[in-house]
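Engineer: With the input below, show me the fold.
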Amino acid sequence: MLVISLFKGLETLFKHGLVMSPASLTMKANTLGDNCDKLVQVWKGKCELQVAKKNCFGVMKDHLQQLTFLPQLPNTNDVKEFLSQLKQPTANSCASEICANSKDYGTLDLSGLNLCCNFSSKSVLDGTLSVLLYRGVEKDVVIQCLEEISLQGTNEAGILDALTCCIESKHEFPSYQIIGDNLDLDVKVRHMDSENKNKSFHWFNLVAFKDQVSGNHLPDVHEKTLNDVPISAFLPSKEDMLHLKEDFVVLWSRVIVKYMKAFAFLQRAVIYHIRHAYSQIMTEAVEEVDIIHIGKHASPYIYHCFQCY
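Structural biologist: Reported below is the predicted structural model:
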């Protein structure tokens, strides 16, 4: 009933030329908030692209290092010629066909054979492309990585040297944890008038911490599917049982010195945290970072977004 009355009131005001039509107001309300996170999405896309390039460079380097038995690997000039063919819209590389039918056909490892008679720069680059596509790297990312490689050094520079320069020029993106909590506060006045009214505050506090341990080095490629993994792989091995017993020793010692008074004098010798690869770095204080500092140093796009909000 209230909505109908409001709609009739808007129609009356529209007839007198005081407001927009109800249909225009509804259309405008539906478009409010569109693309409000456009700049953040652009920054997110740039970060994801850098991670994808790093993965592409890593896979490419591992593959080319297995071909060092060849008389000569392609140079940057060969990469430029291969790029010109790869960018043609009508060119369909056989690498994509191989990847599409990889489930139907088996593969044969010939890396140990010195096939010098069949060696050519184009065949090496075609094989590298097929490996990258099979490992889940998108074709656009491959093209951008090859463009960066072609710009390194002279035209006769080796592809491995150019690839190493590209990898060294890439920097790690720091990761952060942004933690927030809301604060709702109602301030009521004793004597209320037109100027002194009850106030309702709704605040949200954000705190950012820099991650001490980063997982960016972990691979995103699934080497096997769950159907290919045997059930025995999930059972604990002898080494797993030994590590479990070592962890239990740490836990039992904490319980013994706490609840058995005869062993209380050994509290200083007890290890209270199970040691792991990051034990030392986790003892350091977590670095608290200003959110504006994150945006200013990570990307100008996200810095602008933080200023807007």
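Engineer: any weak-confidence spans in the stretch 51-200 of the chain?
Structural biologist: Filtered on pLDDT under 70, the stretch 51-200 of the chain yields the residue ranges 89-119, 153-155, 170-174.
Engineer: repeat that for 50
Structural biologist: The model of the stretch 51-200 of the chain has pLDDT under 50 over residues 91-105, 110-117.
Engineer: which stretches of it form helices?
Structural biologist: Listed in chain order, the helices of the stretch 51-200 of the chain (DSSP state H, counting those that start in this stretch) span 76-86, 94-100, 121-134, 139-150, 159-169.
Engineer: JSON lines for those helices, including mean neighbour count?
Structural biologist: All C-beta atoms are positioned from the backbone trio N, CA, C, and that covers glycine. JSON lines is the format used below for the helices of the stretch 51-200 of the chain (neighbours: other CB atoms under 10 Å):
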{"stretch": "helix 76-86", "mean neighbour count": "17"}
{"stretch": "helix 94-100", "mean neighbour count": "15"}
{"stretch": "helix 121-134", "mean neighbour count": "19"}
{"stretch": "helix 139-150", "mean neighbour count": "18"}
{"stretch": "helix 159-169", "mean neighbour count": "17"}
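Engineer: possible to save these as a markdown table with distance to residue 279?
Structural biologist: Formatted as a markdown table, these follow (distance: least, CB to CB, whole Å):
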| stretch | distance to residue 279 |
| --- | --- |
| helix 76-86 | 44 |
| helix 94-100 | 42 |
| helix 121-134 | 37 |
| helix 139-150 | 37 |
| helix 159-169 | 30 |
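Engineer: So for residue 240, which of these sits nearest?
Structural biologist: Counting by CB to CB, residue 240 lies closest to helix 121-134 out of the helices of the stretch 51-200 of the chain; the figure is 32.1 Å.
Engineer: For residue 260, which of the helices of the stretch 51-200 of the chain is the nearest?
Structural biologist: Closest to residue 260 of these, according to CB to CB: helix 159-169, at 55.6 Å.
Engineer: ok so, going back, now for the helices of the stretch 51-200 of the chain, which one comes closest to residue 34?
Structural biologist: Using CB to CB, the nearest of these to residue 34 is helix 139-150, at 26.4 Å.
Engineer: ok, the nearest residue to residue 167 once chain neighbours are set aside - contacts?
Structural biologist: Counting by CB to CB, 6 or more residues apart in numbering, residue 57 is the residue found nearest to residue 167 once chain neighbours are left out, at 5.1 Å. By CB atoms under 8 Å, 6 or more residues apart in numbering, residue 57 lies in contact with 145, 163, 166, 167, 170.
Engineer: burial of residue 236, as a residue count?
Structural biologist: 10 (other CB atoms under 10 Å).
Engineer: so what's it up against?
Structural biologist: residue 244.
Engineer: that older thread, ok, now how distant is the residue nearest to residue 167 from residue 236?
Structural biologist: Residue 57 sits 37 Å away from residue 236, going by CB to CB, to the nearest Å.
Engineer: Hmm, residue 214 is touching residue 176, no?
Structural biologist: No - the criterion here is CB atoms under 8 Å, and residue 214 misses it with residue 176 at 10.5 Å.
Engineer: would TSV of the contacts of residue 57 with distance to residue 195 be doable?
Structural biologist: Listed next are those as TSV, based on distance: CB to CB, whole Å:
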residue	distance to residue 195
145	65
163	70
166	65
167	65
170	59
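Engineer: and residue 14, how many residues sit next to it?
Structural biologist: Neighbour tally, residue 14, other CB under 10 Å: 16.
Engineer: Can you tell me the element it falls in?
Structural biologist: For residue 14, the host element (DSSP states H and E) is helix 2-15.
Engineer: picking that back up, tell me which of residue 214 and residue 176 has more neighbours.
Structural biologist: Shown here are residue 214 and residue 176; by other CB under 10 Å, residue 176 has more neighbours (16 against 12).
Engineer: The more buried one: what's it in contact with?
Structural biologist: By CB under 8 Å, 6+ apart, the contact set of residue 176 is 208, 209, 210, 211, 289, 294.
Engineer: Please report the distance of the first one from residue 160.
Structural biologist: So that's residue 208. Per CB to CB, residue 208 is found 39 Å from residue 160.
Engineer: Let me see the ranges of the strands in the protein.
Structural biologist: Ranges of strands in the chain, per DSSP state E, are 176-187, 199-210, 288-289.
Engineer: Could you list the alpha-carbon positions for stretch 223-236 in CSV?
Structural biologist: Only the C-alpha atoms of stretch 223-236 are listed here, as CSV (Å, rounded to 0.1, in the frame of the first residue of the first chain):
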residue,chain,number,x,y,z
GLU,A,223,49.7,-32.9,-12.6
LYS,A,224,47.2,-35.7,-12.0
THR,A,225,43.5,-36.1,-11.5
LEU,A,226,41.9,-37.8,-8.5
ASN,A,227,41.2,-40.9,-10.6
ASP,A,228,44.9,-41.4,-11.4
VAL,A,229,46.0,-41.2,-7.7
PRO,A,230,46.0,-44.6,-6.0
ILE,A,231,44.3,-45.0,-2.6
SER,A,232,47.5,-46.1,-1.0
ALA,A,233,48.9,-42.5,-1.5
PHE,A,234,46.5,-41.3,1.2
LEU,A,235,47.6,-43.8,3.7
PRO,A,236,50.4,-42.7,6.2
